[in-house]
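Participant: Generate a structure from the sequence data that follows.
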Amino acid sequence: MTKQALVLVDERLPVAAELMASAADVRVFSGREFGSATRHLSEAEGLIVRSISRVDQDALLAAPRLRAVASATIGLDHVDAATAGQHGIEVARAPGCNAPGVADWVLWALLSHAVERSTPIFSRSLGIVGVGMTGGALRRRAQALGFEVHVNDPPRAEQEPDFDNEPLADILGCDAVSLHVPLTDSQASDWPTRELMNVERLQTLRPDALLLNASRGAVMVERWGGTRVAIDTWRGEPRPSRGAVAASWRATPHVAGATTEGKWRAQTMAAQALAKTLELDLPEPPKPPVPTFRRKLRVKAETSAEVVAAQALEAVMVLGELDRAFREATERGESFDALRDAHRRHELESLSMRIEGSPAAGTRRILQALGFQLTTEENANLTLRID
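Facilitator: Residues are numbered from 1 along each chain as shown. Take a look at the predicted model:
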């Protein structure tokens, strides 16, 4: 009998572990504690990680049999791809796995901001910096909602002559600016993104603008002064600066893309990529869990479409509650890992909504643009009652 390949899988990636176990000898490890001394690393042929694990030169050199590393993430700044390439180790990721979830998070913040400012969303401009799968998903949905969308992505513009790229300076003049770039340095890219939003650029934002970052913490400095910011990714994770969290208008513990569906896609994509390199046959992955929760929301008939939409998002995403818990944990000096691991959320596009009564004009259109599936079925995930 041929000996199975040994594959190490982060213990928080159970779908990937289950898939790989059908064709390999799987051992799990703690992602936060991963390093060159990780047990069985010297024997491993495959490795599946999350962004919290630094797969650096020391770790790679401690794994002489390693043939492939797969990350259940869209980015790879936590993997030393250069060293991996020098040793013939294939590196894979899961592009676009969390795009819908991140777009949901941005829309939650944008709707909350519009409601707080009593400003209709169709009168707002949105600048998107980085228009890959995630930025592209946000662009489509923001346009459907009525935002005036402007985009900046120099690498894409170089490859696509027809891409409608706008100068970053112009993008920073929008009502809201959302960052969706990989973390790169000048040694690796002609358009480095580390501290892309430096103090000088932050000072060019409009006084009433909203800046959103759900990409990587290091793409912006944490000295934003009076700028209103909504942040999901932080320097110093999982213990970000107390001052930075306190100064943020909205703050969440790196969960923007952490939906049930996003986690499923990330794990299956990582497992399939690893299996391809190791020449392993995997079974069909299980389907992602169907959302079964039932919630109700009651609003008055005169409630505006934007307010209804903002309340509906909070009812199913519960990010405002998570924001409060995160601030409290940070103030106590605690790691945000427990909050992140306990976060349970489905993508809006997988949720159904039943409307009882007659909502204000435009409400149905906005809810559908957000991704809700409107239905007449009584077992909808969210029942909206108009009194």
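
Participant: just for this structure, where's the confidence low?
Facilitator: For the chain, the stretches with pLDDT under 70 are 1-3.

Participant: need the helices for it, in chain order.
Facilitator: Ranges of helices in the chain, per DSSP state H, are 14-21, 57-61, 81-86, 99-116, 133-145, 154-159, 168-171, 199-202, 242-247, 260-278, 305-317, 319-331, 337-342, 363-370.

Participant: where exactly do the strands run in the stretch 151-300 of the chain?
Facilitator: Taking DSSP state E, counting those that start in this stretch as the criterion, the stretch 151-300 of the chain carries its strands at 176-179, 210-213, 228-231, 250-251, 295-299.

Participant: ok, back up a step: check the helices of the chain for me and report the most buried one.
Facilitator: Among the helices of the chain, helix 99-116 has the highest mean neighbour count (mean count of other C-beta atoms under 10 Å), at a mean of 24. (Glycine included, C-beta is placed from N, CA and C.)

Participant: Quick one: closest of the strands of the stretch 151-300 of the chain to Pro283.
Facilitator: Nearest of the strands of the stretch 151-300 of the chain to Pro283, taken as C-beta to C-beta: strand 295-299 at 34.5 Å.

Participant: CA atoms only for the closest one - export them in CSV, please.
Facilitator: The C-alpha coordinates for strand 295-299 follow below in CSV (Å, rounded to 0.1, in the frame of the first residue of the first chain):
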residue,chain,number,x,y,z
ARG,A,295,-35.8,36.9,12.3
LYS,A,296,-38.4,39.6,12.3
LEU,A,297,-38.1,43.3,11.9
ARG,A,298,-40.9,45.9,12.4
VAL,A,299,-40.7,49.4,11.0
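
Participant: Going by neighbour count, which residues of it are buried?
Facilitator: Leu297, Val299 (16 or more other C-beta atoms under 10 Å).

Participant: same for that strand, what does it pack against?
Facilitator: For strand 295-299, the packing partners by 3 or more C-beta pairs under 8 Å, 6 or more residues apart in numbering; DSSP states H and E come out as helix 305-317, strand 382-386.

Participant: and of those, who's closest to Leu179?
Facilitator: Among the helices and strands packed on strand 295-299, the nearest to Leu179 by C-beta to C-beta is helix 305-317 (20.1 Å).

Participant: that older thread, switch the helices and strands packed on strand 295-299 over to CSV; also include distance to Glu334.
Facilitator: Shown next, in CSV, are the helices and strands packed on strand 295-299 (distance: least, C-beta to C-beta, whole Å):
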stretch, distance to Glu334
helix 305-317, 23
strand 382-386, 32
